[in-house]
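> With the input below, show me the fold.
(chains A, B and C)
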Amino acid sequence: MRECLITTKGLSREEIVEVLDRASEIEMDPMAYSKSHSGKIIGLLFYEPSTRTRMSFETAIKRLGGDTVNMGTLETSSVAKGESLADTIRVVAGYVDAIVLRHPKEGAAKMASDFIDIPLINAGDGAGQHPSQTLLDLYTIRKSSGKLDGLNIGVMGDLKYGRTVHSLAHAITKFDSQLSFISPEGLRLPENVKYDLESSGSEVKEYTELKDILGTLDILYVTRIQRERFPDEDEYRKVSGQYRINKKILENAPKHLKVMHPLPRMDEISPEIDTTDHAIYIEQAHNGVVVRMALLDLMLKS
Amino acid sequence: MRECLITTKGLSREEIVEVLDRASEIEMDPMAYSKSHSGKIIGLLFYEPSTRTRMSFETAIKRLGGDTVNMGTLETSSVAKGESLADTIRVVAGYVDAIVLRHPKEGAAKMASDFIDIPLINAGDGAGQHPSQTLLDLYTIRKSSGKLDGLNIGVMGDLKYGRTVHSLAHAITKFDSQLSFISPEGLRLPENVKYDLESSGSEVKEYTELKDILGTLDILYVTRIQRERFPDEDEYRKVSGQYRINKKILENAPKHLKVMHPLPRMDEISPEIDTTDHAIYIEQAHNGVVVRMALLDLMLKS
Amino acid sequence: MRECLITTKGLSREEIVEVLDRASEIEMDPMAYSKSHSGKIIGLLFYEPSTRTRMSFETAIKRLGGDTVNMGTLETSSVAKGESLADTIRVVAGYVDAIVLRHPKEGAAKMASDFIDIPLINAGDGAGQHPSQTLLDLYTIRKSSGKLDGLNIGVMGDLKYGRTVHSLAHAITKFDSQLSFISPEGLRLPENVKYDLESSGSEVKEYTELKDILGTLDILYVTRIQRERFPDEDEYRKVSGQYRINKKILENAPKHLKVMHPLPRMDEISPEIDTTDHAIYIEQAHNGVVVRMALLDLMLKS
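Numbers count the residues shown, from 1 in each chain, chains lettered A, B, ... in the order given. As a prediction, this is how the structure comes out:
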């Protein structure tokens, strides 16, 4: 495994599979790993809040026997005094064994990694990448379907601004699965992402209505359509209503269809789905721990 | 011990004694428990701040060899993005081995416990219950008096709104001790609490002046009278002044009287009491750790 | 080692050397100490934010096998409810094995230590002292120069308000090194500090221009000149510009000169210095961990 995990784009199929395989091993026998990084300390530098990601990284290192040191909220940190990211990252790199960084500016993770010689994991940098989210998505797909090739994967919602979706789409091009994109006209996949996917040999199929593709899907990955993307409330309500999942809509879905969501969800997926066999979004969130354990296990020098 | 600790009302005398006995054992030989839950992780979900309770739960699990993962302050959490308590609790339940929940809405703890299959401890839900506080109060009474039966226990201050007081009163009905309630007219015990206590066979004695009962008390449990309960400052000052404890007032108290307070205190108890044998409120706070260690020890699958 | 570390003034040469020697031992063989305080818990009570200091104390105790319990941000703590420092400190002292306190009021650490019988480390109290910063400064000087006697140490910047500088100067009087102070007229060392230094037998040399002394220095300790000390922006810019370090200025410095800074820095030291052999400020920050490990190791009962 490489020293730093900055983007999904840069990960090869082999590297992805290595992480997922390690995560599977950990899930099967967590006790075998429970002290494997005892004494190791991870620095959590979250320049913007992300409870879910932070808590699951924190759980991951603690499940490996290690611990964390947390920069805390921005308002109370040296950052508030105007310290540069370069200085902060170099100082903290002298305290800890690896750094998990979240930063609002695209490219921050790459820049930070150039200043230090300990492992760094990008936990999201602006419109940039969030590779550990993608790895847990892939892990969830593989775990529920038994494979990452030969699947029909639908991705629905805000495909224009959704960082998670772009990362996932890039990663799936490394496998032989078909991607279908379902969104309102105004929230389609950006041209550059489309171009990248097609350049890697993927066929990009786009739909505005879920029913046109639902019957053929193995996986439906739902993301949120954010109110602030629309000029007025009426337009938002009209559009977003069409991309909500409930029991009636899933009546026409294959029995084995699995519904995913990066969470938090608002009302994109009705709670009545939660208890059906389609729902794997809560399990998906849970998978964040073993996948991040696998990442840390591979990146930390033991 | 049951899976979840939601209310004091639901606890039997036997269950209470089981926790207090375990706490005593831990206090006598803490080293015997120092690694008993090594590798266990507790999720701290505090939807409203409570430094004291959070710090003592955190200390408790760490003294058992375990660790915590903390949701952090609300403003920076997924909750701020509008995620439901049900979703948050289900996700975190996949990370950790037990959850400690504090929530402003009465009934939140019960609701949350229905969604998960790991132990949950209610650390306060609105006007509802805060059972670990009551258990540490009982532990403190038993430790200082040697028993929970045959005592005269006075409870003074804001008896109308004081959640701590209601919980404690309910718990004491399971033992053969006499409760006396001392408060201003306007802050008397609510009728429904009084009804409950009397239904359990307790005699509810009410006083407006401490001196009328002080001479017979073994324990005096003082709580704060909050300024915001009164329409104007004058009224507040007149009333609250009568329910403050100082050395002069305690001249007429039995020598063995112990004074308790759930803390933080403002000026309900003069600092001059701190160094007298009457004062056990600091020790009472300290007891929070062993009592919470006992609770966690009994609830966590080992 | 004494029970509580409140000021640098009170530390003897022998006590200082004891801490630095222990820190050296830890740095040479950290694994020998990695479980030496397993099970110990440190309470972090930061009444004003200090990311750097908090993170390095947290790292230190965790590198010794122990753990922390953190009061958290002030807004969400009992302190916000008006609890006195005396009450908070006494309660927390019952939870933990030692306390690290930072408080905005001078004298708070001394006062707090009088209420408790566990070790307390002052991590800064207002215009008062911050002794662990001074110890890490001394450790850095000794590590880079091989000694603490026979050195020419220049201290530059805001010498009037700089707490770090006063602490360091007091400590250096215990060794046979020469101190030179470089600052604008208006930010000279206060008379009382000067008096103290001279009373301990030190010669206090003051300069307004770095070039007048630079050629003879072994160490140059740079501190920030804060904008808010000046009545207007123009005056600030004129003055502060003269106390900034860049490559051109250091052309006339001895080759072996080491440049230190307590961090965070703004623009007192140009980033172009970072990669020269003069720069030891990042390493200086890193030294905070072993020095605080040494302090905790000496103060905690094992």
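
> can you confirm residue A:282 is in a helix?
Yes - assigned with DSSP: H, G, I helix; E, B strand; the rest coil, residue A:282 falls within a helix.

> Run a quick neighbour tally on it.
18 (other CB atoms under 10 Å in any protein chain shown). C-beta here means a position set from N, CA and C on the backbone, and glycine is covered the same way.

> close enough to count as contact, it and residue A:275?
No - contact criterion CB atoms under 8 Å: residue A:282 and residue A:275 do not qualify, at 10.7 Å.

> how about the residues of the stretch 1-150 of chain A near chain B?
Proximity of the stretch 1-150 of chain A to chain B, by CB under 8 Å from any CB of the partner chain, involves residues A:34, A:49, A:51-52, A:54-56, A:58-59, A:62-63, A:65, A:67, A:73.

> Same check on the stretch 151-300 of chain A?
Checking the stretch 151-300 of chain A against chain B by CB under 8 Å from any CB, the hits are A:263, A:264, A:265, A:266, A:271, A:282, A:283, A:285, A:286, A:289.

> Next one: the nearest residue to residue A:161 once chain neighbours are set aside from chain C, what distance?
Excluding the flanking residues, the one nearest residue A:161 by CB to CB, 6 or more residues apart in numbering or on different chains is residue A:229, at 6.7 Å. Separation of residue A:229 from chain C (CB to the nearest CB, to the nearest Å): 33 Å.

> what sits against residue A:229?
A:158, A:160, A:161, A:186, A:187, A:236 (CB atoms under 8 Å, 6 or more residues apart in numbering or on different chains).

> Look up phi and psi at it.
phi -80, psi -10 (degrees, to the nearest 10).

> Over to residue A:148?
According to degrees, to the nearest 10, residue A:148 has phi -120, psi 0.

> ok, how many other residues are close to it?
Neighbour count for residue A:148, taken as other CB under 10 Å: 21.

> Would you reformat the residues of the stretch 1-150 of chain A next to chain B as TSV and include secondary structure?
Formatted as TSV, the residues of the stretch 1-150 of chain A next to chain B follow (three-state DSSP):
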residue	secondary structure
A:34	coil
A:49	coil
A:51	helix
A:52	helix
A:54	helix
A:55	helix
A:56	helix
A:58	helix
A:59	helix
A:62	helix
A:63	helix
A:65	coil
A:67	strand
A:73	coil
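
> Intersect these with the contacts of chain C.
Within these, those near chain C by CB under 8 Å from any CB are A:67, A:73.

> between the residues of the stretch 1-150 of chain A next to chain B, which has the most around it?
Top of those by neighbour count (other CB under 10 Å): residue A:56, with 28 neighbours.

> show me what contacts that one?
A:285, A:288, A:289, A:292, B:95.

> what's the farthest-apart pair in those residues?
A:285 and A:292 (11.7 Å; CB to CB).

> possible to save the residues of the stretch 1-150 of chain A next to chain B as TSV with pLDDT?
Listed next are the residues of the stretch 1-150 of chain A next to chain B as TSV, based on pLDDT from 0 to 100:
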residue	pLDDT
A:34	96
A:49	82
A:51	85
A:52	88
A:54	94
A:55	96
A:56	97
A:58	98
A:59	98
A:62	98
A:63	98
A:65	97
A:67	98
A:73	72
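
> Report the two of the residues of the stretch 1-150 of chain A next to chain B separated the most.
A:34 and A:73 (30.2 Å).

> Settle it for me: which of residue A:285 and residue A:292 has more neighbours?
Legend: neighbour count by other CB under 10 Å for residue A:285 and residue A:292, higher for residue A:292 (28 against 23).

> Go ahead and flag the most central residue of chain A.
In chain A, the residue lying closest to the centroid (CA atoms, centre = their mean) is residue A:133, at 1.8 Å.

> all helices in chain A, in order from the N-terminus.
A:13-28, A:51-63, A:85-93, A:108-115, A:131-145, A:163-172, A:191-199, A:233-241, A:247-250, A:281-299 (DSSP state H).

> any idea which of the ones you listed scores lowest on pLDDT?
Of all these, the minimum mean pLDDT falls on helix A:233-241 (a mean of 81).

> Could you pull out the buried residues of it?
A:236, A:239, A:240 (16 or more other CB atoms under 10 Å in any protein chain shown).

> Let me see the contact set for the second one.
Going back to what we said before, that points to residue A:239. A:184, A:186, A:225, A:230.

> In strands only, show me those residues.
Counting by DSSP state E, no part of these is found in strands.

> Just want the residue of the stretch 151-300 of chain A that's nearest chain C.
Using CB to the nearest CB, the closest approach of the stretch 151-300 of chain A to chain C is made by residue A:300 at 15.2 Å.

> so what's that residue up against?
A:37, A:40, A:66, A:97, A:98, A:119.

> List only buried entries from these.
Judged by 16+ other CB under 10 Å, buried ones among the contacts of residue A:300: A:37, A:40, A:66, A:97, A:98, A:119.

> Please render the residues you listed as a markdown table that adds distance to residue A:296 to the earlier fields.
Shown next, in a markdown table, are the buried ones among the contacts of residue A:300 (distance: CB to CB, whole Å):
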| residue | distance to residue A:296 |
| --- | --- |
| A:37 | 7 |
| A:40 | 8 |
| A:66 | 8 |
| A:97 | 9 |
| A:98 | 7 |
| A:119 | 8 |
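
> confidence score at residue A:79?
61.

> Same check on the one 4 residues further on?
pLDDT, residue A:83: 86.

> Correct me if wrong: it contacts residue C:262.
No - using CB under 8 Å, residue A:83 is not in contact with residue C:262, being 11.9 Å away.

> ok, these two, which is more surrounded?
Using other CB under 10 Å, the more surrounded residue of residue A:83 and residue C:262 is residue C:262, with 25 against 18.

> Let me know the distance separating the residue nearest to the more buried one when sequence neighbours are not counted from residue A:7.
Once flanking residues are discounted, residue C:262 sits nearest to residue C:164: 4.8 Å by CB to CB, 6+ apart. Distance of residue C:164 to residue A:7, given as CB to CB, to the nearest Å: 40 Å.

> Compare those two (neighbour count), which wins?
residue C:164 (21 against 18).

> What residue spans form the domains of chain A?
Per automatic domain parsing, the structural domains of chain A span A:4-129+A:288-299, A:132-285.

> Can you tell me which of those is most buried?
Mean neighbours per residue, mean count of other CB atoms under 10 Å in any protein chain shown, is largest over the domains of chain A for domain A:4-129+A:288-299, with a mean of 20.
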